[in-house]
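Trainee: A predicted structure for the sequence below; I have some questions about it.
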Amino acid sequence: MRLKDKVAVITGAGAGIGRAIAVRFAAEGAKVAVTDINERAALQVTDEILAAGGSAHAYRCDVADQAAVDAVMQAVTEDLGDIDILVNNAGGAIVGGKMQHFESCTREYMDTLIGINLMGTLFCTRAVLPRMIERGCGGRIINLTSIRGVAGDKNNILYGTAKGGVISFTKSLAMAMGKYAITVNAIAPGAIDSRPGPAACTNFLGHPGKCSEVAALALHLASDEGGFMTGDIINIDGGRTLGCKDD
């Protein structure tokens, strides 16, 4: 088991990519903190892990609320032990069920979207770093960004901006944390089967990826096998960022 007895926090783990990562990490021996703003979804994933013989605990967490994040990370430490791995997965391309365009969006919409996609990553990371540094035995930070953060997104400027911020944060933090043996990397998915969209038709493989494929990549980064990787932004997109597919 590649993550035996490691304590791993996965945000936004109630569904999709986050759920797949939580399930895979638990199967590899991790004690998983399943966090999500939807407490019922977090509990369902936790029950699934426990039924399969894994170790998991559910927590409700709004990553855009710094006080809530601090409280959850403290609770995880008390319940499961010191945090070894943080996967900042929580996010979303729209809020409130409908996208608002940058030139006409409300301040509330802007704050909420930036909050869950960028500030949530900052809050969660800042909550776990001091103890990781103090322990002196390394750690793993894995951020979920998007190919829209890599290449930009003219149709959803705010989302592309937030995910671009996650990329810059990943690189900057990796530079600062290397001396503590804490690695910081980001995964940039394209169209994935949890949320297929137009990009699924334009990548070079012609189909969306699987949540399990993203989870496998996250596992590599979290394990000893990924120990020499830091500051990397890894696209998993069927070649979408290579350019437009020519039929």
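Mentor: Looks like it came in fine.
Trainee: Nearest residue to Asp193 in space, ignoring adjacent ones along the chain?
Mentor: Excluding its sequence neighbours, the residue lying closest to Asp193 (Cβ to Cβ, 6 or more residues apart in numbering) is Pro208, at 4.9 Å. The C-beta positions use only the backbone N, C-alpha and C, and glycine is treated the same way.
Trainee: Retrieve the pLDDT associated with that neighbour.
Mentor: Pro208 carries a pLDDT value of 91.
Trainee: Show me what counts as buried in stretch 182-194.
Mentor: Of the residues in stretch 182-194, 182-194 count as buried by neighbour count, 16 or more other Cβ atoms under 10 Å.
Trainee: Report the residue spans of the chain with pLDDT below the cut-off.
Mentor: Scanning the chain for pLDDT under 70 picks out 195-201, 244-247.
Trainee: what ranges do the helices span in the chain?
Mentor: Using DSSP state H, the helices of the chain run over 16-27, 39-51, 66-80, 107-114, 120-135, 147-151, 157-177, 211-222.
Trainee: winner for burial among these?
Mentor: Stretch with highest mean neighbour count among those: helix 16-27 (a mean of 26; mean count of other Cβ atoms under 10 Å).
Trainee: For that helix, list the C-alpha coordinates in CSV.
Mentor: Output of helix 16-27 as CSV, limited to C-alpha atoms (Å, rounded to 0.1, in the frame of the first residue of the first chain):
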residue,chain,number,x,y,z
GLY,A,16,-16.6,13.5,-9.1
ILE,A,17,-12.8,13.8,-9.0
GLY,A,18,-12.6,14.4,-5.3
ARG,A,19,-14.6,11.3,-4.5
ALA,A,20,-12.4,9.2,-6.9
ILE,A,21,-9.2,10.5,-5.1
ALA,A,22,-10.6,9.8,-1.7
VAL,A,23,-11.6,6.2,-2.6
ARG,A,24,-8.3,5.5,-4.3
PHE,A,25,-6.2,7.0,-1.4
ALA,A,26,-8.2,4.9,1.1
ALA,A,27,-7.6,1.8,-1.0
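Trainee: tell me, what residue is most central in the chain?
Mentor: Compute the mean C-alpha point of the chain, and by Cα atoms, centre = their mean the closest residue is Asn89, 2.1 Å away.
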